[in-house]
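**Student:** here is my input, please return the structure:
(4 chains)
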Protein chains: 2
Amino acid sequence: MTTIADVAQAAGVSISTVSYVMSGKRAISQETRERVEQAMADLSYSPQASARSLASRSTSILGLQAPIRAGVDVHVVMQVVAGALKEARAHHHDILLLTSDDAAGVERAARAGMVDGVLILDVETSDPRVGSLADLSIPSVLIGLPDAADQLICVDFDFEAAGRLAAERLAERGHRTVALLGAPPQVQARHTSYSDRLTRGFLARSREVGLAATVYPCPAGPGATEVVDTLLAGAPATTALFVHNEAALPFIAARLMSTASASPIEIVALSPAELALHVPGVSDVIDLPAEELGAAGARTLLAAIRGERPLGPELLAPRFAHAPAEPATV
Amino acid sequence: MTTIADVAQAAGVSISTVSYVMSGKRAISQETRERVEQAMADLSYSPQASARSLASRSTSILGLQAPIRAGVDVHVVMQVVAGALKEARAHHHDILLLTSDDAAGVERAARAGMVDGVLILDVETSDPRVGSLADLSIPSVLIGLPDAADQLICVDFDFEAAGRLAAERLAERGHRTVALLGAPPQVQARHTSYSDRLTRGFLARSREVGLAATVYPCPAGPGATEVVDTLLAGAPATTALFVHNEAALPFIAARLMSTASASPIEIVALSPAELALHVPGVSDVIDLPAEELGAAGARTLLAAIRGERPLGPELLAPRFAHAPAEPATV
DNA sequence: ATGAAAGCGCTAACAC
DNA sequence: GTGTTAGCGCTTTCAT
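**Tutor:** Numbering: from 1, shown residues only, chains lettered A, B, ... in the order given. Next up is the predicted model:
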């Protein structure tokens, strides 16, 4: 195992010089720097993380608590994690996986000094995990928007704006009676923040633009088919659907296409773009930028670790995944 | 921040005594142990991971390289990760997420002494990542079975046996012409080890039991419907399907049910049990024990870190997810 | 059964 | 611009 002392000796300098070459925290002459870098390469030296961390009191590791829970879309979670990981690595940080749904795990990692900060995914409206977060010695960032968000750093997709955007688009298209097919029942029952906000935005804007709107929870998979049938039976005037449920979307679309009807029912989906763009029957997709969300969370956490505090929650604005049907010149 | 010195002082003992109380590496009198434990609790002491790791030259962290790649079933990956994480935590270890598909990342973490071992998921038949693994200073365990598996520790589901088991079951049921609907085209093209092994076992045993069997790659989602149509058109004698593709399964099942036929086509699925058990039209499910696989991988890695070497690859035997349709008394 | 002390490999004052 | 050195908080010999 090569140590910093080996490198120093090989380069004919002191160990602090080697250290400063690595950190860039003080000026080094061009010549010395080159000798040191050559020595590091020759010896294929890697600094020891634990020693560095003990001396510097920081780890270059972010804790990540991701949920593995019923109804949570694993695809979205994976993408958020991928985005966070990518961003973290881009800033020379690693990610330690913390057991899901376990406030104690976060505390343990924080107190053992294993991580410089924690990123917490899929936070619920009243999440039991947020309580202990405030008196942690390290910063934390939530992806999600809990009730007690005031004193916490939060990053999320702007679900409320997405709901409004969908209502506007449906109204523009001339619809009068629409429905929101949302998250699975167990997610709605938990009052997951995003589901509530989406609904609120959709209903509010629908009212403003004169849209009659109803909301249905929707199970993933083939079960979605029944919901569609129930909906069409109960509200036959419905001419368009706003679907926020990637796992149900193909089934809903398939069901609508097989249901012969005078005017086909239109679908606007909120989903990761690549999952919904090619589902036949979906006319518009509001992208759920999962990877970007993870990256934003990591970026904000890194900023917090540096001591920067954001002013309020950071909400990613909704966007349609492809250009609207109107001419691009508008 | 409380240190071991604070605890020692509070308990009126030396630092080493506190250390030995924690590690249990030498005998401590009942009385002393209690005083020390009391002091640790009073001060709510957590040992500092980096200091411990620097002194002991081990981290209690497992590196985990999980793929986030086209065609890989995210649900299965998540379950494997969950199983590994659970097992690791049960043995007081943590998990560091390593960037996917990046041999350099594994090396970096190993050489920086960030992890005591690495667990590598979804290894392909000829995986570029396995080359550098052998001359790492720390042990590694593959979940998957690459070609050059001889010198590497591998854990996997026994896909070949699962293929045979499916063929046997279909033959028992009286079928004569069957088909395997497998992984998405891009996975098969990569010659992912498991896909090959499943096919091999299925075809070999089919031949032995007099089954005419064909293999079709199968895209996830609605695209699967077309494959079913193609198959039924090309081989109308087909009376049963063996499906290994969770994401396509509901679509395949739905398609078969809508295709009115004299005798319905039977489906045996290989899938995580909870995903397939309740899909209508699926008669038998061979469970893909994803979580167990992750746990087995972690367990084997922990054993390897302790210095134990297994003799050959560890293959989890396939099992039907629920009791066969025959009377339980048989 | 317990204590003293020498490191582990690095960072960051404090020199010059 | 570079070197010296005192820690960082633990584990683990070596003593007793």
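**Student:** how about stretch A:228-236: buried residues?
**Tutor:** A:228, A:231-232 (16 or more other CB atoms under 10 Å in any protein chain shown). For glycine as for every other residue, the C-beta is placed from the backbone atoms N, C-alpha and C.
**Student:** in helices, which of these appear?
**Tutor:** The helices, defined by DSSP state H, take in A:228, A:231-232 from the buried residues of stretch A:228-236.
**Student:** mind putting those residues in a markdown table, pLDDT and distance to chain B included?
**Tutor:** Converted to a markdown table, those look like this (pLDDT from 0 to 100; distance: CB to the nearest CB, whole Å):
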| residue | pLDDT | distance to chain B |
| --- | --- | --- |
| A:Val228 | 91 | 13 |
| A:Leu231 | 90 | 19 |
| A:Leu232 | 88 | 18 |
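**Student:** coming back round to it: among the buried residues of stretch A:228-236, which one lies nearest to A:Ala5?
**Tutor:** Nearest to A:Ala5, judged by CB to CB, of the buried residues of stretch A:228-236 is A:Val228 at 69.6 Å.
**Student:** what sits against the nearest residue to that closest one once chain neighbours are set aside?
**Tutor:** In space, and not counting its chain neighbours, A:Val228 is closest to A:Arg255: 4.6 Å by CB to CB, 6 or more residues apart in numbering or on different chains. Residues in contact with A:Arg255 (CB atoms under 8 Å, 6 or more residues apart in numbering or on different chains) are A:224-225, A:228-229.
**Student:** just the buried residues of stretch A:228-236 that are near DNA strand C?
**Tutor:** Among the buried residues of stretch A:228-236, no residue sits close to DNA strand C (CB under 7 Å from any atom of the strand).
**Student:** reformat these as CSV; add distance to A:Val7.
**Tutor:** Formatted as CSV, the buried residues of stretch A:228-236 follow (distance: CB to CB, whole Å):
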residue, distance to A:Val7
A:Val228, 66
A:Leu231, 69
A:Leu232, 72
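**Student:** of these, which is the nearest to B:Phe242?
**Tutor:** Distance to B:Phe242, by CB to CB, is smallest for A:Val228 among those, at 30.2 Å.
**Student:** for that closest one, which residues are in contact?
**Tutor:** Contacts for A:Val228 were tallied using CB under 8 Å, 6+ apart; they are A:181, A:252, A:255-256, A:259.
**Student:** one more: A:Asp6?
**Tutor:** Here A:Asp6 is in contact with A:43, A:45 (CB under 8 Å, 6+ apart).
**Student:** I'd like the distance between the residue of the stretch 151-300 of chain A found nearest DNA strand D and B:Val72.
**Tutor:** Per CB to the nearest atom of the strand, A:Ile153 is where the stretch 151-300 of chain A lies closest to DNA strand D, at 26.1 Å. If you measure A:Ile153 against B:Val72 using CB to CB, to the nearest Å, the figure is 32 Å.
**Student:** next one: A:Val118
**Tutor:** 27 Å.
**Student:** so between these two, which is more surrounded?
**Tutor:** Shown here are A:Val118 and B:Val72; by other CB atoms under 10 Å in any protein chain shown, A:Val118 has more neighbours (25 against 21).
**Student:** bridging residues for the more buried one?
**Tutor:** Per DSSP bridges, the residues bridged to A:Val118 are A:Gly63, A:Ser140.
**Student:** for it, give its distance to A:Ala295.
**Tutor:** From A:Val118 to A:Ala295 the distance is 16 Å (CB to CB).
**Student:** ok, and the closest non-adjacent residue to whichever residue of the stretch 101-250 of chain A sits closest to DNA strand D?
**Tutor:** Nearest to DNA strand D in the stretch 101-250 of chain A, going by CB to the nearest atom of the strand, is A:Gly113, at a distance of 7.8 Å. Excluding its sequence neighbours, the residue lying closest to A:Gly113 (CB to CB, 6+ apart) is B:Gln48, at 5.2 Å.
**Student:** quick check, the one you found in contact with B:Met22.
**Tutor:** No - if you go by CB atoms under 8 Å, B:Gln48 and B:Met22 don't touch, sitting 12.0 Å apart.
**Student:** so for the two, which residue has more residues nearby?
**Tutor:** More neighbours surround B:Gln48 than the other of B:Gln48 and B:Met22, with 21 against 16 (other CB under 10 Å).
**Student:** can you give me phi and psi for the more buried one?
**Tutor:** phi -80, psi 120 (degrees, to the nearest 10).
**Student:** do the one 5 residues further on as well
**Tutor:** As for B:Ser53, its main-chain torsions (degrees, to the nearest 10) stand at phi -70, psi -40.
**Student:** how many neighbours does the closest residue to it other than its chain neighbours have?
**Tutor:** Distances taken as CB to CB, 6+ apart place A:Ser50 nearest to B:Ser53, at 3.8 Å, with adjacent residues excluded. Per other CB under 10 Å, the neighbour tally for A:Ser50 reads 24.
**Student:** hang on, A:Ser50 in a strand?
**Tutor:** No - counting by DSSP: H, G, I helix; E, B strand; the rest coil, A:Ser50 is not found in a strand; it is helix.
**Student:** that one and B:Gln48 touch, don't they?
**Tutor:** No - A:Ser50 is not in contact with B:Gln48 according to CB under 8 Å; the separation is 9.8 Å.
**Student:** for the residue of the stretch 1-150 of chain A found nearest DNA strand D, helix, strand, or coil?
**Tutor:** Relative to DNA strand D, the nearest point of the stretch 1-150 of chain A is A:Ala27 (2.5 Å; CB to the nearest atom of the strand). Secondary structure, three-state DSSP: A:Ala27 is coil.
**Student:** per-residue confidence at it?
**Tutor:** A:Ala27 is assigned 96 on the pLDDT scale.
**Student:** show me what counts as buried in the helix or strand hosting the residue nearest to A:Val228.
**Tutor:** Using DSSP states H and E, A:Arg255 falls within helix A:249-258. Going by neighbour count (16+ other CB under 10 Å), the buried part of helix A:249-258 is A:249-256.
**Student:** present those as JSON lines; the columns should include pLDDT and distance to A:Ile61.
**Tutor:** Putting the buried residues of helix A:249-258 into JSON lines (pLDDT from 0 to 100; distance: CB to CB, whole Å) gives the following:
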{"residue": "A:Leu249", "pLDDT": "89", "distance to A:Ile61": "37"}
{"residue": "A:Pro250", "pLDDT": "84", "distance to A:Ile61": "39"}
{"residue": "A:Phe251", "pLDDT": "85", "distance to A:Ile61": "41"}
{"residue": "A:Ile252", "pLDDT": "90", "distance to A:Ile61": "41"}
{"residue": "A:Ala253", "pLDDT": "87", "distance to A:Ile61": "42"}
{"residue": "A:Ala254", "pLDDT": "82", "distance to A:Ile61": "45"}
{"residue": "A:Arg255", "pLDDT": "84", "distance to A:Ile61": "46"}
{"residue": "A:Leu256", "pLDDT": "84", "distance to A:Ile61": "47"}
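**Student:** list phi and psi for the most centrally placed residue in chain A.
**Tutor:** Closest to where the C-alpha atoms of chain A average out (CA atoms, centre = their mean) is A:Leu293, at 3.5 Å. A:Leu293 has phi and psi values of phi -60, psi -40 when expressed as degrees, to the nearest 10.
**Student:** re earlier: check contacts around the residue nearest to B:Ser53.
**Tutor:** Contacts for A:Ser50 (CB under 8 Å, 6+ apart) come out as B:49-51, B:53-54, B:59, B:113.
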